[in-house]
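>>> Structure of the sequence below:
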Amino acid sequence: MVMLLIIAVTLFMAQVAVKAPVKKESSYSPVIEEAFETVFERDKKQKETIMKRQMDLLSARFDLSEKTIPGLTMSGGKLLPIGPTAKLKGVSWVQLNTLTPEEIKTKGIFPYLPLPHPNHPVGGMIFPQMEIKQIARLQRFDLDFDLPEHFLPEFPPPIYLTTHKEAGDVSNGQIVTIDNFYDLFNGLLNPKQLEGLRLLVSQFPQQQFNSTADRKTEKPNLGVTCFDCHTNGHTSGAIHLVGDIRPQANRNRIETPSLRGVNIQRLFGSQRALKTVEDFTEFEQRAAYFDGDHLTAAKKGVNVLDRGSQVQFMAEFQELLDFPPSAKLNIYGRLDPMKATESEKRGEILFFGKAQCAGCHTPPYYTDNLMHDLQVERFYKSQVINGQYIRPEGAIKTFPLRGIKDSPPYLHDGRLLTLEDVVEFFNLIQQSHLTALEKTDLVAFLRQL
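Here you go, the predicted structure:
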């Protein structure tokens, strides 16, 4: 009897062991209460190793050397980076374009894998050094920005207003901050818009930039401003991780998009599909600033904006931000044949034809205000790279292409460093089989948008 009881208990325990639940990652940020000095010393010590790993990855993927053509510039005068920069593995672009997605996936030679954050398990906002040189409070002690400056937007970028097209760049070559916004815009904006701009250049606490012991700035920090990332209503190229995906390894790197042309857009956030700029503004302050964790936000000092006044005022200013002027486009957003080169004209024909770009990017602003799943995972196997789980990413919004030359790097995570890389990427994704000359012509057209 005793033996039967022992056997029964043993079998029961075995069943319990088999059914034991697998521990899953929590949706919530870990609560780690450490002294700031401990965090500071540990992170400073690890910084060199972490940044070397990231730069080794970038060097393996891209030719990071600076290549430009005299006279080929962004709207403010910075020379455009020239590509493609992607390094191919054992094939030429011509050979790569003859392979099927399955063949590219099997061989492991897709050149445009998603790009991880420099320290994906930690994440957070990181600002380019060109910006930190002028705004020292944006320096993190644990990480540096990874992409070279020549692949980033000009700093500071011009500001164009829908209400003052005659004025051209209204920034006077300055970074708009809390110190100068009033002098620059008093007389150009109405009182509501001016108050909205004041809020956009005011510091508010953020996950890494705040006063708590787990901050990533050496000194306690009041926080960041909307215009720290969206410099002058455009972008500095600053990066972050999207706040709405868990677990941490599944989150996407996000390269700051431009706010130019907000007035013609109907979706906000690369994958969030927020429906108004007011929704986007409130989401950023309440959630995205704190990695989507409202509990951490409460701890660090969330800025709860009033929807009917503050959010609306901020949105009203953002909706004045215009695309840069384009000398070669007519009122319908198409090339003026009297001003365009033969290469640009051929590129336009390709854009609306063989290259299939206009299926999503329709004139005059070159967006359909929809979301599309490019199914890029057809070309690569799911894997972990520097802490990021590379997986199917789903639908992303159609970003406007007006003024696109001013906004490198490209795609939501910045993995396409130049317009040439954009053309190579979509040529593969859409299986368009463009020739080398056709790719050159298509880039020439994109530079005029």
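>>> ok, now which ones touch residue 373?
By C-beta atoms under 8 Å, 6 or more residues apart in numbering, the contact set of residue 373 is 394-396. Bear in mind the C-beta positions are built from the backbone N, C-alpha and C, glycine included.
>>> of those, buried ones?
The neighbour-count criterion (16 or more other C-beta atoms under 10 Å) marks residue 396 among those as buried.
>>> Buried residues, stretch 347-357. List them.
Under the neighbour-count criterion of 16+ other C-beta under 10 Å, stretch 347-357 has 347-348, 350-352, 355-357 buried.
>>> Helices along the stretch 1-150 of the chain, start to end?
Assignment of helices within the stretch 1-150 of the chain using DSSP state H, counting those that start in this stretch yields the ranges 2-18, 36-61, 93-96, 101-107, 129-132.
>>> The ones you listed: which one's closest to residue 412?
Distances from residue 412 to each of the helices of the stretch 1-150 of the chain were compared using C-beta to C-beta; the shortest belongs to helix 36-61, at 16.9 Å.
>>> Name the residues of the closest one that are buried.
Residues of helix 36-61 classed as buried: 39-40, 43, 47, 50-51, 54, 57-58, 61 (neighbour count, 16+ other C-beta under 10 Å).
>>> pLDDT and distance to residue 410 added to the residues you listed, as a markdown table?
Conversion of the buried residues of helix 36-61 to a markdown table gives the following (pLDDT from 0 to 100; distance: C-beta to C-beta, whole Å):
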| residue | pLDDT | distance to residue 410 |
| --- | --- | --- |
| 39 | 92 | 35 |
| 40 | 95 | 35 |
| 43 | 96 | 31 |
| 47 | 98 | 28 |
| 50 | 98 | 25 |
| 51 | 98 | 23 |
| 54 | 98 | 19 |
| 57 | 98 | 18 |
| 58 | 98 | 16 |
| 61 | 98 | 15 |
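>>> Work out the gap between stretch 237-255 and the centre of the chain.
Once both centres are worked out by C-alpha atoms, centre = their mean, to the nearest Å, stretch 237-255 turns out to sit 9 Å from its chain's centre.
>>> ok, now stretch 337-344?
Distance of stretch 337-344 from the chain centroid (C-alpha atoms, centre = their mean) equals 32 Å.
>>> tell me the centre residue of the protein?
The C-alpha lying nearest the average C-alpha coordinate of the chain belongs to residue 255 (C-alpha atoms, centre = their mean; 1.5 Å).
>>> Pairing partners for that one in the sheet, please.
With DSSP bridges as the criterion, the beta-bridge partners of residue 255 are residue 239.
>>> quick one, what contacts it?
Residues 235, 237, 239, 409, 411-414 are the ones in contact with residue 255 under the rule C-beta under 8 Å, 6+ apart.
>>> Roughly how far does it sit from residue 165?
Applying C-beta to C-beta, to the nearest Å, the value for residue 255 to residue 165 is 28 Å.
>>> Kindly report the same for residue 144.
In terms of C-beta to C-beta, residue 144 sits 39 Å off from residue 165.
>>> Could you check which of those two is surrounded by more residues?
Set side by side, residue 144 and residue 165 show unequal neighbour counts under other C-beta atoms under 10 Å, the larger going to residue 144 at 18 against 10.
>>> Excluding sequence neighbours, find me the nearest residue to that one.
In this structure, residue 144 finds its nearest non-sequential neighbour in residue 51, 5.7 Å apart by C-beta to C-beta, 6 or more residues apart in numbering.
>>> quick one: the one you found and residue 126 touch, right?
No - Residue 51 is beyond contact range of residue 126, at 10.7 Å (criterion: C-beta atoms under 8 Å).
>>> what is in contact with the two at once?
Both residue 51 and residue 126 are in contact with 118, 143-144, 146, where contact means C-beta under 8 Å, 6+ apart.
>>> can you put those in JSON lines and add distance to residue 418 and pLDDT?
Supplementary listing: these in JSON lines, determined by distance: C-beta to C-beta, whole Å; pLDDT from 0 to 100:
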{"residue": "118", "distance to residue 418": "21", "pLDDT": "98"}
{"residue": "143", "distance to residue 418": "24", "pLDDT": "98"}
{"residue": "144", "distance to residue 418": "22", "pLDDT": "98"}
{"residue": "146", "distance to residue 418": "16", "pLDDT": "98"}
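>>> Could you export those residues to CSV, including columns for distance to residue 361?
Conversion of the shared contacts of residue 51 and residue 126 to CSV gives the following (distance: C-beta to C-beta, whole Å):
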residue, distance to residue 361
118, 31
143, 34
144, 34
146, 28
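>>> And these, which two are furthest apart?
Within the shared contacts of residue 51 and residue 126, two members stand farthest from each other by C-beta to C-beta: 143 and 146, at 8.5 Å.
>>> Now for these two: what residues contact both?
By C-beta under 8 Å, 6+ apart, the residues touching both residue 143 and residue 146 are 51, 118, 126.
>>> For the second one, which non-adjacent residue is spatially closest?
Using C-beta to C-beta, 6+ apart and skipping the chain neighbours, the partner closest in space to residue 118 is residue 54 (4.4 Å).
>>> Of residue 143 and residue 146, give the one with the bigger neighbour count.
A side-by-side neighbour count of residue 143 and residue 146, using other C-beta under 10 Å, places residue 143 first with 23 against 19.
>>> The more buried one contacts residue 49, correct?
No - the criterion here is C-beta under 8 Å, and residue 143 misses it with residue 49 at 11.5 Å.
>>> that older thread, in CSV, list the contacts of residue 373 along with distance to residue 375, pLDDT and secondary structure.
What follows is the contacts of residue 373, written out as CSV (distance: C-beta to C-beta, whole Å; pLDDT from 0 to 100; DSSP: H, G, I helix; E, B strand; the rest coil):
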residue, distance to residue 375, pLDDT, secondary structure
394, 9, 93, coil
395, 10, 94, strand
396, 11, 93, strand
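>>> And the pLDDT at residue 170?
On pLDDT, residue 170 comes in at 98.
>>> now residue 292
Looking at residue 292, its pLDDT stands at 85.
>>> got the contact list for it?
The contact partners of residue 292, by C-beta under 8 Å, 6+ apart, come to 243-244, 246.
>>> what about 6 Å?
Listed by C-beta atoms under 6 Å, 6 or more residues apart in numbering, the contact set of residue 292 reads 243-244.
>>> Give me the distance between it and residue 235.
When distance is defined by C-beta to C-beta, residue 292 is 21 Å away from residue 235.
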